[in-house]
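This is a predicted model, with the sequence first.
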Amino acid sequence: MVGIKMEKNKFDYIIKTENNLWEVVIGLEVHAQVISESKLFSGSPTKFGAKPNTQVSLVDSAFPGMLPVINEYCIKQAIKTGLGLSAKINLLSIFDRKNYFYADLPAGYQISQYKNPIVGEGIVTLDMPYGTKKIGIERLHLEQDAGKSIHDLSPENTFVDLNRSGVALMEIVSKPDLRSPQEVNAYVKKLRTIMRYLGTCDGNMQEGSLRADVNVSVRKIGDKNFGTRCEIKNVNSIKFMELAIESEARRQVELLESGKTLEQETRLFDTKKNETRSMRSKEEAHDYRYFPDPDLLPLKIEQKFIDEIKKNLPELPDEKKERFIKKFKLTPYEANVLVSEIDISNYFEEVIKNADIKLAKNWIMVELFAVLNKKNINIKNSPVSSKDLSSLINTISSGEISGKIAKSVFEIMVETGKDPGKIIKEKGLKQQSDPKEIEKLIIKVLQNNSEKVSEYKSGKEKLYGFFIGEIMKASSGKANPKLVNDILKIKLKK
């Protein structure tokens, strides 16, 4: 049997058999839909969820004689993404025709880029448990999406929706630098985060805005040559990418260990059976017969056009992480979490405009995230606004309520949407911070537990927690914990 073992050293993920250790080599071709109100070569809208075939122009449907016209905004979006990946922007790129025949590809070819893409080599930096790892980007090219074939509306017919036909895609091709499902997870998330910060792709995989072809091969550890790779087409979730890689890597190792030859082929991932299955072999693969599109001139970009885009780039995740560490004294882990999504970092910065940074990070990362996970919503749709969370944190800092009471207030905020001040007033939750009143409370508790006081003074210091508990109980949890501690210590010394 083939077993999988995680190792946090040079090889963080290996497949171990009786006689060999195998390394997995992975490369990704990520297809990211460009955020643009119109398509790559036509003025048709790109809104998600529209009725079938309501967002199709004569160009998208390949009506004879219709000519494509490049969307300048999509060019800007591709350049912006390339700059975000620290990649080379090519001043000359060419659009090609990629020829194949599907029912949902009305022209019989897809306008794409082949040998001369708009963006060249770049880098994505991952923060893994075993350190920083750089993943090379081979290229980024622009292409138009195909339509969608729908097979489950009729047992006899296939329906075609051309709403996606002509939508602008960025295909981001990595180098074969990934070595585990975990690195793939981190890579796709980082890529998605960068594009969301840039505003070039929303990364909504459930809407088809981000999907990937996953190239997998295996080799014995120490071998410098790459093994035979198989491509798993159109995987549309990070979880499925991880499962597909594990399944395919095991399949390849089992074949090689049994003395069989591994053939290069294209495969699909069956999510129900949790296994990959053959789609077509190398011999059956398409000969796309790429050639420059005669309707589109070579794309020439001036350096000043690129410089202008670069000048207006937003702060990117890695830059923001460094700023959070230096300015707010966050740990690398905390900074990573808080910059993982642009909406999270914006929320955090809104909260700390008027609230304690340490309390803010803890409340967001622990209490708020727990609520968001439970409700399965993102921070943009948080039931507690950044302003209200800031106000709640300030009631703790000022001593108006304790941290324990604040959790009860927070629960009410989540359910009702009310601001904390109103809840505290309505429920009578304001913390008792009058030293004289707290002193009276402590004296009463100590008098009612005189035997325990004697035991404490004779050396049973663990009883200190008992006194704290009794005092807080007597105050219904409203006594200021700091004042309770300060006054209790003085009383017990007498």
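Perfect, thanks for sending it.

following the helix or strand of the chain with the lowest mean pLDDT, which helix or strand comes up?
Across the helices and strands of the chain, the lowest-confidence element by mean pLDDT, DSSP states H and E is strand 3-6, at a mean of 49. Using DSSP states H and E, the helix or strand that follows strand 3-6 in sequence is strand 13-16.

so Lys175 makes contact with Arg139?
No: with contacts counted by Cβ atoms under 8 Å, Lys175 stays clear of Arg139, the gap being 9.7 Å. Bear in mind the C-beta positions are built from the backbone N, C-alpha and C, glycine included.

which of those two has more neighbours?
Arg139 (23 against 16; other Cβ atoms under 10 Å).

In a helix, the more buried one, correct?
No: Arg139: not assigned to a helix; according to DSSP: H, G, I helix; E, B strand; the rest coil it is strand.

Who are the contact partners of it?
Pro117, Val119, Gly120, Glu121, Ile172, Val173 (Cβ atoms under 8 Å, 6 or more residues apart in numbering).

Distance of it relative to Lys88?
As for Arg139, its distance to Lys88 is 10 Å (criterion: Cβ to Cβ, to the nearest Å).

tell me, what's touching these two both at once?
Common contact partners of Arg139 and Lys88 (Cβ under 8 Å, 6+ apart): Val119, Gly120, Glu121.

Same list, the residues you listed, but as JSON lines with neighbour count and secondary structure please.
Shown next, in JSON lines, are those (neighbours: other Cβ atoms under 10 Å; DSSP: H, G, I helix; E, B strand; the rest coil):
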{"residue": "Val119", "neighbour count": "26", "secondary structure": "strand"}
{"residue": "Gly120", "neighbour count": "17", "secondary structure": "coil"}
{"residue": "Glu121", "neighbour count": "15", "secondary structure": "coil"}
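
so can I have CSV of those residues showing pLDDT and distance to Ser433?
Shown next, in CSV, are these (pLDDT from 0 to 100; distance: Cβ to Cβ, whole Å):
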residue, pLDDT, distance to Ser433
Val119, 98, 60
Gly120, 98, 63
Glu121, 98, 61
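
would a markdown table of those residues with distance to Gly84 be doable?
Shown next, in a markdown table, are the shared contacts of Arg139 and Lys88 (distance: Cβ to Cβ, whole Å):
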| residue | distance to Gly84 |
| --- | --- |
| Val119 | 10 |
| Gly120 | 14 |
| Glu121 | 14 |
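
For the residue nearest the centre of the chain, what are phi and psi?
Residue closest to the mean C-alpha point of the chain, counted by Cα atoms, centre = their mean, is Lys189 at 3.7 Å. Backbone dihedrals for Lys189, given as degrees, to the nearest 10, come out at phi -60, psi -40.

State the distance from it to Leu126.
9 Å.

which is the next helix or strand following the helix or strand hosting Ile344?
Per DSSP H and E: Ile344 is located in helix 342-351. Downstream of helix 342-351, the next assigned helix or strand under DSSP H and E is helix 357-362.

outside of that following helix, which residues touch it?
Helix 357-362 is contacted by residues 328-330, 334, 338, 348, 351-352, 389-390, 393, 396-397 when judged by Cβ under 8 Å, 6+ apart.

Please spell out which residues along the helix or strand that that helix is followed by are buried.
The first helix or strand that comes after helix 357-362 along the chain, using DSSP H and E, is helix 369-375. Using 16 or more other Cβ atoms under 10 Å as the test for burial, helix 369-375 gives Val371, Leu372.

Convert the C-alpha atoms of helix 369-375 to PDB, please.
The C-alpha coordinates for helix 369-375 follow below in PDB (Å, rounded to 0.1, in the frame of the first residue of the first chain):
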ATOM      1  CA  PHE A 369     -13.900  35.100  12.900                       C
ATOM      2  CA  ALA A 370     -15.700  32.500  15.000                       C
ATOM      3  CA  VAL A 371     -19.000  34.200  14.200                       C
ATOM      4  CA  LEU A 372     -18.200  34.600  10.500                       C
ATOM      5  CA  ASN A 373     -17.200  30.900  10.200                       C
ATOM      6  CA  LYS A 374     -20.400  29.800  12.000                       C
ATOM      7  CA  LYS A 375     -22.600  31.900   9.700                       C
END
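
Point out the other helices and strands that whichever helix or strand comes after that helix packs with.
For helix 369-375, the succeeding helix or strand toward the C-terminus, using DSSP H and E, is helix 386-397. When contacts are defined as 3 or more Cβ pairs under 8 Å, 6 or more residues apart in numbering; DSSP states H and E, helix 386-397 sits against helix 342-351, helix 357-362, helix 403-416, helix 420-427.

One more pass at 6 Å, please.
Judged by 3 or more Cβ pairs under 6 Å, 6 or more residues apart in numbering; DSSP states H and E, the packing partners of helix 386-397 are helix 342-351, helix 403-416, helix 420-427.

so how far is the longest one off the chain centroid?
Here helix 403-416 is found 28 Å from its chain centre; the criterion is Cα atoms, centre = their mean, to the nearest Å.

any residues touching it, and which ones?
Glu367, Val371, Pro383, Val384, Leu392, Ile396, Pro420, Ile423, Leu429, Gly477 (Cβ atoms under 6 Å, 6 or more residues apart in numbering).

Buried ones in it, by neighbour count?
Buried residues in helix 403-416 (16+ other Cβ under 10 Å): Ile405, Ala406, Ser408, Val409, Phe410, Ile412, Met413, Val414.

Please apply the same query to stretch 334-344.
Glu334, Ala335, Val337, Leu338, Val339, Ser340, Glu341, Ile342, Ile344.

The second one against Ile325, yeah?
What it means is Ala335. Yes: between Ala335 and Ile325 there is a contact under Cβ atoms under 6 Å: 5.0 Å.
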